[in-house]
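Novice: Sharing a model that was predicted from the sequence below.
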Number of protein chains: 2
Amino acid sequence: MDFMTGVKKADTLELGELLDKALIGQSVKVNGAIHTIRHMGDVAFVILRKRDGLLQCVYEEGTAGFELKDLKEAAAIEAEGVLEEEERAPGGIEIRMTGVKILSQPSAPMPLAISKWKLNTSLDAKLNMRSISLRNVRERAKFKLQEGIVRGFREFLYSEGFTEIHTPKIGAKSAEGGANLFKLDYFHRPAVLQQSPQLYKQMMVGVFDRVFETAPVFRAEKHNTKRHLNEYTSLDFEMGYIDGFEDIMAMETGFLQYAMRLLGKEYAKELEILNITLPKTERIPAVRFDRAKELASEKYNRKIRNPFDLEPEEEALIGQYFKEEYGADFVFVTHYPSKKRPFYAMDDPEDPRFTLSFDLLYHGLEITTGGQRIHDYQTLVDKIAAKGMEEEGLEQYLNTFRYGMPPHGGLGIGLERLTMKLTGEDNVRETTLYPRDLSRLEP
Amino acid sequence: MDFMTGVKKADTLELGELLDKALIGQSVKVNGAIHTIRHMGDVAFVILRKRDGLLQCVYEEGTAGFELKDLKEAAAIEAEGVLEEEERAPGGIEIRMTGVKILSQPSAPMPLAISKWKLNTSLDAKLNMRSISLRNVRERAKFKLQEGIVRGFREFLYSEGFTEIHTPKIGAKSAEGGANLFKLDYFHRPAVLQQSPQLYKQMMVGVFDRVFETAPVFRAEKHNTKRHLNEYTSLDFEMGYIDGFEDIMAMETGFLQYAMRLLGKEYAKELEILNITLPKTERIPAVRFDRAKELASEKYNRKIRNPFDLEPEEEALIGQYFKEEYGADFVFVTHYPSKKRPFYAMDDPEDPRFTLSFDLLYHGLEITTGGQRIHDYQTLVDKIAAKGMEEEGLEQYLNTFRYGMPPHGGLGIGLERLTMKLTGEDNVRETTLYPRDLSRLEP
């Protein structure tokens, strides 16, 4: 009988391990994909692409023990050789090859010059060859940073006593009601894809006090802009026993501070590759919706067309205002008009035309919507009626409040948008692995 | 201008903080939901439910400064009082109340006796009142353990150099092809919900070498069993540069070892509440499919009806066999028949009727399917043809192999099933927050 006992140390080394000075001059084994081959006469540089970076292997006729023509770009190989210091090579090391084992051969030459520093390819072409274009080191780095953001979100919230939940994406009804829902047939019953975990996470506040979820959400919106996706990853949290919606903004600020520190520490390589300066998160200004509109209008001479709506151009100007006046990368815009918020948003008791809610703008783009929610059963029932909605399908949600719920609130963060702004991209598709939009459903 | 600077220390204390001996005899503030009130004559015990456990507050007429009748079960309150040691109370502490602030009142008496140790309620009733039934401390603990499993999965894989990815759930075509797909209308184009991130994670192996995803998958299977869900959370990973499919089993063993250690360390309270003994993960037996069938058949006198299929009853007997003979909680069953595996599975070169693949059984239930995948372009194209499938819709997937892919493999773990077996439940709905099955689409 065979037994599995866990992960064994491989005899091939990773980049981090090769930086061990004691290995210099020793024979080592590494694996990787041939990123590119640079012919320099008698010598050739075989650049291996590994998960944590590039590694220079040197081929010299005679000592290598094989023919250079056996090596093809995009092949997966296991190389053997002597580790040497070489300050001109990536990471300051190189391997003088003494042998090679071909693990896998490509069937055709690469269609993209992925080994170039910048991939000079249109977004469409990149997306049409996503699994190839991401082999470019810079393209790949964006998604490593995206990982760091999600990781920071979870680690920070665990440390703050949140519980992770997994809520269903198929349902009979959706949170916000109304249009913009993808419809499907669920064993001959009409069903929809959830546009947010809103109602579920609220229900779970009565159980765990603080919950979060990192999962896909689905919006059948017919927007065709650089900011919209029809499926995206939402970082959601909801927390009970709050004193006000400011507690939600404080928690988000804490997350951003934690995540940026994590990126600085564990993703420094990717930040360097993309030449990114981390945004400032120590002091994030918070300004009322109506005041924000005035400030932008006054400074940039732009007439306020609708006092109850915020146009994308106004968001951009508000971002610009706070960058110029306060050096701020982020700004919380608070007290959104009730008309523009869903039924569960808590109205401001001092002026019910506005809500105890906020958006977070990052360089003028909305990346978060959040706020305090109604927690009193009768208030919620009345609000649903006032909005002209039906209680049908909301029974279990409403019962949650009937049987007691603490004051609470929460938010949703668009992961791809946050990554887009962090990496300085101007199209959210650049930071989406496989975007879904009006025209793109494949691959 | 207001500025958000991060999370401020609340003036209310959490359970962990109350265990600080220096606070004994001090006045403290806590918040929570009134889990139950036990009247004992002049004194009453007001049990608060907090996110990390129960807390006993003592009401005494005269010193409390308010009327006991002001307190209702299920209300959210902020209590003030003096912290005292009391070994008969949960956690060995109690609070002698000196004041209370009602944060929120329920509108109706509780429909379930959630404060009982075991909730004597049918599964259907529990699911119909999910947000209430989970307020029971034992019911809630199962999902806290589920969090620990997912957290262990991610933490372990990060430490092994994996990158987290987010792949689309809506697509034009699906991984395995064939039936069992939920269909939807995507802006007047036919689309499906992904039944697995299989093709995406394979494509990303060419980019990151090692990837994982923890996300929902959708199966339109008309099974109505205790083991099946139509939407569940899949813990998926895929890794390149493997020497064989044994590397995948070794990685899964490492994950299980890590996760069980994490549960033992950070989720000890929940393990105790549910009286769970962690399963053994140090040595997991691996047995060939055909041999496993023989062993179970011989020992339990059960005729092998189909040598190329494994019935649920046979799985259970194989689990029983390895528990009895080796004391094993888990067993890897390897070399599944090619007919039963999808096109991307790598056939065993020594006998192509079988594949280099495996299932992991936990107490006789399949919780994982995994194996080595085909990485050679031509082999993959030939296999697709041999299976009678079309290449249409697989172009980008196939191109990934055309332009080089390392030897690789991976697996998918059903989170709810793993939690079910860990907690000793016999229905997967017990460990699913909001199950989706043939009859259940709400809430």
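Specialist: Yes, it's here.

Novice: For the longest helix along chain A, list the C-alpha coordinates in PDB.
Specialist: In chain A, with assignment by DSSP state H, the single longest helix is helix A:137-159. Extracted in PDB, the C-alpha atoms of helix A:137-159 (Å, rounded to 0.1, in the frame of the first residue of the first chain):
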ATOM      1  CA  VAL A 137       6.000  39.800 -17.200                       C
ATOM      2  CA  ARG A 138       4.300  43.200 -16.900                       C
ATOM      3  CA  GLU A 139       0.900  42.000 -17.900                       C
ATOM      4  CA  ARG A 140       1.100  39.200 -15.400                       C
ATOM      5  CA  ALA A 141       2.200  41.500 -12.600                       C
ATOM      6  CA  LYS A 142      -1.100  43.300 -12.600                       C
ATOM      7  CA  PHE A 143      -2.900  40.100 -11.500                       C
ATOM      8  CA  LYS A 144      -0.400  39.300  -8.900                       C
ATOM      9  CA  LEU A 145      -1.200  42.700  -7.300                       C
ATOM     10  CA  GLN A 146      -4.900  41.900  -7.700                       C
ATOM     11  CA  GLU A 147      -4.200  38.800  -5.600                       C
ATOM     12  CA  GLY A 148      -2.600  41.000  -3.000                       C
ATOM     13  CA  ILE A 149      -5.600  43.300  -2.700                       C
ATOM     14  CA  VAL A 150      -8.000  40.400  -2.100                       C
ATOM     15  CA  ARG A 151      -5.600  38.800   0.300                       C
ATOM     16  CA  GLY A 152      -5.300  42.000   2.200                       C
ATOM     17  CA  PHE A 153      -9.000  42.400   2.300                       C
ATOM     18  CA  ARG A 154      -9.500  38.900   3.900                       C
ATOM     19  CA  GLU A 155      -6.500  39.100   6.200                       C
ATOM     20  CA  PHE A 156      -7.500  42.400   7.600                       C
ATOM     21  CA  LEU A 157     -11.200  41.400   8.100                       C
ATOM     22  CA  TYR A 158     -10.200  38.200   9.800                       C
ATOM     23  CA  SER A 159      -8.100  40.200  12.200                       C
END
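
Novice: at contact distance from chain B, anything in it?
Specialist: Yes. Contact between helix A:137-159 and chain B is present through A:140, A:143-144, A:146-147, A:150-151, A:154, A:158 (criterion: Cβ under 8 Å from any Cβ of the partner chain). Yep, even glycine has a C-beta here, placed from its N, CA and C like the rest.

Novice: In a markdown table: these, plus neighbour count, distance to B:Ile318 and pLDDT.
Specialist: Below are these laid out as a markdown table (neighbours: other Cβ atoms under 10 Å in any protein chain shown; distance: Cβ to Cβ, whole Å; pLDDT from 0 to 100):
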| residue | neighbour count | distance to B:Ile318 | pLDDT |
| --- | --- | --- | --- |
| A:Arg140 | 20 | 42 | 97 |
| A:Phe143 | 24 | 40 | 98 |
| A:Lys144 | 21 | 41 | 98 |
| A:Gln146 | 27 | 41 | 98 |
| A:Glu147 | 23 | 37 | 98 |
| A:Val150 | 20 | 38 | 98 |
| A:Arg151 | 20 | 37 | 98 |
| A:Arg154 | 20 | 36 | 98 |
| A:Tyr158 | 15 | 37 | 98 |
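
Novice: what's the closest of these to chain B?
Specialist: The nearest member of the residues of helix A:137-159 next to chain B to chain B, counting by Cβ to the nearest Cβ, is A:Glu147 at 4.6 Å.

Novice: what sits against the closest one?
Specialist: Residues in contact with A:Glu147, defined by Cβ atoms under 8 Å, 6 or more residues apart in numbering or on different chains, are B:163-165.

Novice: could you measure A:Lys226 against A:Asn31, distance?
Specialist: From A:Lys226 across to A:Asn31, the span is 39 Å (Cβ to Cβ, to the nearest Å).

Novice: Neighbour count: the two, which is higher?
Specialist: Neighbours were tallied for A:Lys226 and for A:Asn31 using other Cβ atoms under 10 Å in any protein chain shown; the higher tally belongs to A:Asn31 (21 against 14).

Novice: Could you see whether chain B lies near whichever strand or helix holds the more buried one?
Specialist: Element membership for A:Asn31 (DSSP states H and E) is strand A:27-40. Yes. Interface with chain B: strand A:27-40 contributes A:31, A:33 (Cβ under 8 Å from any Cβ).

Novice: Residues in contact with that strand: which ones?
Specialist: For strand A:27-40, the external contacting residues (Cβ under 8 Å, 6+ apart) are A:11-14, A:18, A:44-50, A:54-55, A:57, A:68, A:71-83, A:95, A:98, A:103, A:114-115, A:135, B:206, B:241, B:404, B:406.

Novice: So what's the gap between it and the chain middle?
Specialist: 31 Å (Cα atoms, centre = their mean, to the nearest Å).

Novice: could I get it in PDB with only the CA atoms?
Specialist: What follows is strand A:27-40, C-alpha atoms only, in PDB (Å, rounded to 0.1, in the frame of the first residue of the first chain):
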ATOM      1  CA  SER A  27      25.300  22.600  -9.600                       C
ATOM      2  CA  VAL A  28      21.600  23.300  -9.400                       C
ATOM      3  CA  LYS A  29      18.400  22.200 -11.200                       C
ATOM      4  CA  VAL A  30      15.600  24.600 -12.200                       C
ATOM      5  CA  ASN A  31      12.500  24.400 -14.400                       C
ATOM      6  CA  GLY A  32      10.600  27.000 -16.300                       C
ATOM      7  CA  ALA A  33       9.300  28.100 -19.700                       C
ATOM      8  CA  ILE A  34      11.800  29.400 -22.200                       C
ATOM      9  CA  HIS A  35      10.700  33.100 -22.300                       C
ATOM     10  CA  THR A  36      13.200  34.100 -25.000                       C
ATOM     11  CA  ILE A  37      16.600  33.100 -26.400                       C
ATOM     12  CA  ARG A  38      19.200  35.700 -27.100                       C
ATOM     13  CA  HIS A  39      22.000  34.600 -29.500                       C
ATOM     14  CA  MET A  40      25.300  36.300 -28.800                       C
END
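
Novice: if we can go back for a sec, when you filter the contacts of strand A:27-40 down to buried only, what's left?
Specialist: Buried residues within these, counting neighbours by 16 or more other Cβ atoms under 10 Å in any protein chain shown: A:12-14, A:18, A:44, A:46-50, A:54-55, A:57, A:68, A:71, A:73-83, A:95, A:103, A:114-115, A:135, B:206, B:241, B:404, B:406.

Novice: Now, the residues you listed that are in helices?
Specialist: Counted as lying in helices by DSSP H, out of the buried ones among the contacts of strand A:27-40, are A:18, B:206.

Novice: Could I get the contacting residues of A:Val428?
Specialist: Neighbouring residues of A:Val428 by Cβ under 8 Å, 6+ apart: A:226-229, A:232, A:416-417, A:420, A:435.

Novice: Please apply the same query to A:Ile367.
Specialist: Taking Cβ under 8 Å, 6+ apart, we find A:Ile367 in contact with A:360-361, A:413-414, A:417-418, A:421.

Novice: continuing past the strand or helix carrying it, what's the next helix or strand?
Specialist: Using DSSP H and E, A:Ile367 falls within strand A:365-373. Going down the chain from strand A:365-373, the next helix or strand is helix A:377-386, by DSSP H and E.
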